[in-house]
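K.L.:
predicted structure and sequence below. I'll ask about it afterward.
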Amino acid sequence: MGGLRKEQDMLLTGAKDGQTVGGMNISIQRGLEGVAASDLDAFDMLGGRTGYGRFLLAMLQGSEGAFIAKVEDEVVGYAAVIGDGFAFAFLTAMEVKADLRAKGIGSALLATALDAFAGRYAFDLACDEGMAAFYERFDFVPATAMIRRNYEACRLNMTTE
């Protein structure tokens, strides 16, 4: 266990904005300056969904905190945080391009978001069970969450100009 924890600590301390992690110089920006919908189209993991980049850009624009991970000038990840502006923050979405996962980019995004909302009473998220170990490295603890999805609204939002 000690070796694994040491490796995780190195990843967490190494995954900072502007540092090299896994041979890549990761930069994290707060806000969407210079980000276009076309920069986000590549996150359509199912493929072929018209307007997916526009959908993500609108979601990020509506967030209290939008964070963009770049390697060189390429957008390789994003995170969105909503909140009440005072005590509560919620990570609504975070994603790293599939071919660049497990290289510290997600850690850099999350660490930057946590730093930006450090004064809040709560910073919560809901995740798939398979992602729990990743978030536990950042001191998140399991809790019960309830979710409701309207996939039709999502589909309509992606196709609306």
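P.N.:
It's in.

K.L.:
now do stretch 70-86: distance to the chain's middle.
P.N.:
6 Å (C-alpha atoms, centre = their mean, to the nearest Å).

K.L.:
got the buried residues for it?
P.N.:
Under the neighbour-count criterion of 16 or more other C-beta atoms under 10 Å, stretch 70-86 has Lys70, Val71, Val75, Val76, Gly77, Tyr78, Ala79, Ala80, Val81, Ile82, Gly83 buried. Just so you know, the C-beta spots here come from the backbone N, C-alpha and C atoms, and that holds for glycine as well.

K.L.:
tell me where this protein has helices.
P.N.:
Counting by DSSP state H, the chain has helices at residues 2-14, 37-40, 52-61, 105-116, 132-136, 151-159.

K.L.:
quick one: which of those has the weakest pLDDT on average?
P.N.:
When the helices of the chain are compared by mean pLDDT, helix 2-14 comes last with a mean of 35.

K.L.:
a markdown table for the buried residues of stretch 70-86, including pLDDT and distance to Gly62?
P.N.:
Listed next are those as a markdown table, based on pLDDT from 0 to 100; distance: C-beta to C-beta, whole Å:
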| residue | pLDDT | distance to Gly62 |
| --- | --- | --- |
| Lys70 | 95 | 21 |
| Val71 | 92 | 26 |
| Val75 | 96 | 18 |
| Val76 | 96 | 22 |
| Gly77 | 96 | 18 |
| Tyr78 | 97 | 13 |
| Ala79 | 97 | 14 |
| Ala80 | 97 | 8 |
| Val81 | 98 | 11 |
| Ile82 | 97 | 8 |
| Gly83 | 96 | 12 |
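
K.L.:
between the residues you listed, which is nearest Gly106?
P.N.:
Checking these against Gly106 by C-beta to C-beta gives Gly77 as the nearest, at 6.6 Å.
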